[in-house]
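Asker: Please find the sequence and the predicted model below.
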Amino acid sequence: MRIIRDELNSGMPPSPIRQLLHASPFRPFRVRLADGRSYEVKHPDYAFLSPSGRLLHVYINADDFEMLDVFLILGLETQDEVSSAP
């Protein structure tokens, strides 16, 4: 599954992120940002949305995390798409 926001001027809604985080079974996914960075979410315990849905916290390892503004997310890709990308 690949989710890309519709317009450059609109932010990513939090609902697709919540769906991926709560999917059963969980499938790892990648978050792609407007500045070219990307982050892998390998397990649902390694990411969470703020209650407002504005911030996504992604753990890089057990102690370090990045706090991402959901408005700056360009797309989400599930792990099977990440693995099959050229």
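Answerer: Yep, it's here. Bear in mind that the values here come from a model prediction, so they are computed numbers and not experimental data.
Asker: My read is that Gly11 contacts Leu74, right?
Answerer: No: Gly11 lies out of contact with Leu74 (CB atoms under 8 Å); the separation is 10.1 Å. C-beta: built from backbone N, CA, C; applies to glycine.
Asker: centroid residue for the chain?
Answerer: Val31 (3.6 Å; CA atoms, centre = their mean).
Asker: The closest residue in space to that one that isn't next to it in sequence: neighbour count?
Answerer: Leaving aside its sequence neighbours, Val31 sits nearest to Tyr39 (CB to CB, 6 or more residues apart in numbering; 4.8 Å). In terms of burial, Tyr39 registers 19 neighbours under the definition other CB atoms under 10 Å.
Asker: which other helices and strands contact the helix or strand in which Tyr39 is found?
Answerer: When elements are assigned from DSSP states H and E, Tyr39 belongs to strand 38-41. Identification of packing neighbours for strand 38-41 by 3 or more CB pairs under 8 Å, 6 or more residues apart in numbering; DSSP states H and E yields strand 29-33.
Asker: Taking strand 29-33 as reference, get the angle to the helix ranked longest in the chain.
Answerer: Secondary structure of the chain per DSSP state H: the longest helix is helix 14-22. Relative orientation of helix 14-22 versus strand 29-33 (axes from the mean of the first three to the mean of the last three CA atoms, to 10 degrees): 150 degrees.
Asker: Next, the buried residues of helix 14-22.
Answerer: 14, 16-17, 20-21 (16 or more other CB atoms under 10 Å).
Asker: what's the average pLDDT for that helix?
Answerer: Average pLDDT, helix 14-22: 94.
Asker: what does stretch 65-73 give?
Answerer: 94.
Asker: ditto for stretch 33-43
Answerer: 93.
Asker: In CSV, could you pull the C-alpha coordinates for that stretch?
Answerer: The C-alpha coordinates for stretch 33-43 follow below in CSV (Å, rounded to 0.1, in the frame of the first residue of the first chain):
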residue,chain,number,x,y,z
LEU,A,33,9.2,13.6,4.4
ALA,A,34,9.2,16.7,2.2
ASP,A,35,13.0,17.3,2.8
GLY,A,36,13.9,13.8,1.4
ARG,A,37,14.4,12.0,4.7
SER,A,38,12.7,8.8,5.4
TYR,A,39,12.1,6.7,8.5
GLU,A,40,11.2,3.0,8.8
VAL,A,41,8.6,1.9,11.4
LYS,A,42,9.5,-1.8,12.0
HIS,A,43,7.1,-2.4,14.8
